[in-house]
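sharing a model that was predicted from the sequence below.
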Amino acid sequence: MDRRAAGAVVLLFVALIVAVLPRVSGPGVNGTASAEPPGPPPAVGTCLRDPVHPVFDAAGWMRPLPEFVAGDCGAAHWGEVFDVIDVPSGQGASGLATCWASDGLQTYLTGDATTEPWSAVLVYDVTATGPDVRQFAGGQRWAACIVYGAEPFTGSLAGVAADDDPPPTLGRCYDDEFAAFDARDTPCRMPHRGELFASLEIDVARPPAQDDIDAWCAGIVGRTTGRSDLAGLTVESAVFVWFEGIQSRFVPMPLPDNAKGATALCGVRVADDRSLTLSLRQIGDGPLPWAG
């Protein structure tokens with residue numbers, strides 16, 4: 001190669017370096033790109049805008065789910081996270097049994113207060129969700145316990161059982177006689193004859209008098225409805241008793257000597273042949289929601 005040809009090669013090499021250097025060392029290309037780390041588990045009190053349903057494989061293991069969408073608790077939402085538990089055994093332990101068995105839900109519904117020995121009667125269900133695909137790949141092992149209603153509701157459930165002010169959509173209504181309070185529910189938005197508000201666990205060794213139960217129930221009805229005028233409604237209480245074996249029935253007070261357990265139920269029933277179409281929780285003194 002002569003001297004002129006060699007010089008041309010050198011010039012071409014330098015030109016290539018000059019052209020490439022800005023692309024290699026220019027701004028925004030320092031280091032290597034890294035994926036954003038997965039988010040943490042949801043916090044207790046997180047409201048979920050949309051339904052979340054766990055998916056299980058044939059062996060009963062919960063699969064990683066798409067990331068759920070958090071919503072505003074002050075707007076209509078589907079459910080709420082009431083507890084987050086560790087699931088050290090991995091992806092498959094859904095946590096559903098633990099969610100149902102723990103005291104986390106009752107603590108969430110009553111807050112710092114306690115309503116013992118009575119509790120608000122609500123219609124709800126419990127499910128669980130776990131890490132999404134990225135969280136699971138990052139080593140997260142947890143289950144979020146979720147309480148949800150039959151339809152969306154507004155306002156957080158935290159502490160509502162102690163305040164006698166749960167969302168009306170969680171009300172438990174019925175269309176049978178009072179003695180069938182525990183037998184069959186009717187959605188409160190459908191025509192119904194009565195609504196159950198609270199239950200009271202009775203110590204069979206020291207049962208209260210019927211007058212005491214009636215007074216307790218009247219107070220519950222007043223606080224739960226926020227209503228002073230109960231014209232057209234009957235405040236009702238009844239005692240459901242468990243005996244040896246599977247026998248159980250409503251009985252008048254005083255309790256039979258062979259009662260093994262007892263619960264007083266408190267609610268209201270329509271006094272005539274009309275029906276209601278909404279829950280009476282915090283209905284106030286306005287017109288009652290009569291059907292038709």
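The structure has been received and is ready for your questions.

and the helix or strand containing residue 83, what does it pack onto?
For residue 83, the host element (DSSP states H and E) is strand 77-86. In terms of contacts (3 or more C-beta pairs under 8 Å, 6 or more residues apart in numbering; DSSP states H and E), strand 77-86 is packed against strand 47-48, helix 96-101, helix 104-110, strand 142-153. Heads up, the C-betas are built off the backbone N, CA and C, glycines and all.

let's have those in a markdown table, adding mean neighbour count, mean pLDDT and distance to residue 207.
Output for the helices and strands packed on strand 77-86, formatted as a markdown table (neighbours: other C-beta atoms under 10 Å; pLDDT from 0 to 100; distance: least, C-beta to C-beta, whole Å):
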| stretch | mean neighbour count | mean pLDDT | distance to residue 207 |
| --- | --- | --- | --- |
| strand 47-48 | 22 | 92 | 41 |
| helix 96-101 | 15 | 77 | 28 |
| helix 104-110 | 19 | 83 | 23 |
| strand 142-153 | 20 | 87 | 32 |
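
save those as JSON lines, and put in distance to residue 254 too.
As requested, these are exported to JSON lines (distance: least, C-beta to C-beta, whole Å):
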{"stretch": "strand 47-48", "distance to residue 254": "46"}
{"stretch": "helix 96-101", "distance to residue 254": "34"}
{"stretch": "helix 104-110", "distance to residue 254": "29"}
{"stretch": "strand 142-153", "distance to residue 254": "37"}
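
distance check, the residue nearest to residue 203 when sequence neighbours are not counted against residue 278.
If the residues on either side of it in the chain are set aside, residue 203 comes closest to residue 117, at 7.9 Å by C-beta to C-beta, 6 or more residues apart in numbering. Using C-beta to C-beta, to the nearest Å, one obtains 29 Å as the distance from residue 117 to residue 278.

more neighbours, the two?
A side-by-side neighbour count of residue 117 and residue 278, using other C-beta atoms under 10 Å, places residue 278 first with 19 against 12.

quick one: the helices in this structure?
In the chain, the helices defined using DSSP state H lie at 3-25, 96-101, 104-110, 133-137, 160-163, 210-225.

pick out the shakiest of these, pLDDT-wise.
Note on the helices of the chain: helix 3-25 shows the lowest mean pLDDT, a mean of 39.

tell me the pLDDT of residue 33.
For residue 33, pLDDT reads 48.

quick one: residues contacting residue 150.
Contact analysis of residue 150 by C-beta atoms under 8 Å, 6 or more residues apart in numbering lists 123, 125, 169, 170, 187.

want to throw those residues into TSV with pLDDT?
Converted to TSV, the contacts of residue 150 look like this (pLDDT from 0 to 100):
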residue	pLDDT
123	81
125	87
169	81
170	82
187	80
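
what's the spatially closest residue to residue 156 that is not a sequence neighbour sitting at in phi/psi?
Ranked by C-beta to C-beta, 6+ apart and with sequence neighbours excluded, the top spatial neighbour of residue 156 is residue 73, at 4.3 Å. Per-residue torsions, residue 73: phi -60, psi -20 (degrees, to the nearest 10).

nothing else from me, thank you.
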